[in-house]
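Visitor: Curious how this folds, go ahead:
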Amino acid sequence: MEGHGPVEFVVVGFAGGRIDESLGPALREQVERGTIRIIDLLFVQKDEDGSQRSFELSEVSADEKYAHLNGVPQEIDGLIGPEDVEQITDALVPGTTAMIVLFEHMWLRDLRAAIEASGGLVILDERIPGRVVDEVDEAVHATA
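Guide: Below you'll find the model as predicted:
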């Protein structure tokens with residue numbers, strides 16, 4: 001059996017529930033390139049009055065304003081648990097929609113196989129958010 005790459009749990013918020021039409025094609029492109037495998041994906045929403053809802057990808061992509069998400073592949077529905085959905089939705093600012101996605105880093109899975117074939121072992125896998133890297137990059141270039 002082939003090993004898995006690291007699986008990442010990411011929550012992305014969209015103020016006002018507006019999700020740009022570039023999201024669907026960007027997700028499909030990463031899957032088609034073999035960079036990631038989307039395991040589960042769903043959306044949660046907290047309305048201005050505080051009411052909360054969650055939507056599976058198939059439900060959201062059936063809505064015309066989210067048609068750009070049609071064809072975004074996912075492997076398994078329901079792996080993102082109700083406790084996660086509740087905790088994330090509770091934390092949302094009213095009027096916000098969030099995408100919750102669980103995905104596997106396929107590129108690292110392939111690299112892991114080569115590392116292990118060479119007798120190596122990945123002993124630490126830590127994620128640093130892109131915005132942190134951006135801030136450090138800006139600080140370094142500001143002092144240079």
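
Visitor: Now for D110: which residues touch it?
Guide: Applying C-beta atoms under 8 Å, 6 or more residues apart in numbering, we find D110 in contact with G5. All C-beta atoms are positioned from the backbone trio N, CA, C, and that covers glycine.

Visitor: Roughly how far does it sit from G120?
Guide: Per C-beta to C-beta, to the nearest Å, D110 is found 14 Å from G120.

Visitor: would V31 count as being in a helix?
Guide: Yes. V31: assigned to a helix according to DSSP: H, G, I helix; E, B strand; the rest coil.

Visitor: Not counting its neighbours along the chain, what's nearest it?
Guide: Spatially, and ignoring its direct neighbours in sequence, V31 is nearest to P73 (5.5 Å; C-beta to C-beta, 6 or more residues apart in numbering).

Visitor: so is that neighbour in a helix, a strand, or just coil?
Guide: Applying three-state DSSP: P73 is coil.

Visitor: Next, give phi and psi for it.
Guide: phi -80, psi 140 (degrees, to the nearest 10).

Visitor: Any idea what the closest residue to G13 other than its chain neighbours is bridged to?
Guide: Nearest residue to G13, sequence neighbours excluded (C-beta to C-beta, 6+ apart): A98, at 4.8 Å. Note on A98: beta-bridge partners by DSSP bridges are G13, V44.

Visitor: Please report the number of neighbouring residues for A98.
Guide: Other residues lying near A98 total 22 when counted by other C-beta atoms under 10 Å.

Visitor: Quick one: residues contacting it.
Guide: By C-beta under 8 Å, 6+ apart, the contact set of A98 is 11-14, 43-45, 88-89, 92.

Visitor: Following the chain past the least confident helix or strand in the chain by mean pLDDT, name the next helix or strand.
Guide: Ranked by mean pLDDT, DSSP states H and E, the weakest helix or strand in the chain is helix 57-61, scoring a mean of 74. Remark: after helix 57-61, the chain's next helix or strand is helix 82-91, criterion DSSP states H and E.

Visitor: List the contacts of that following helix.
Guide: By C-beta under 8 Å, 6+ apart, helix 82-91 touches 9, 11, 42, 44-46, 52, 54, 98, 100.
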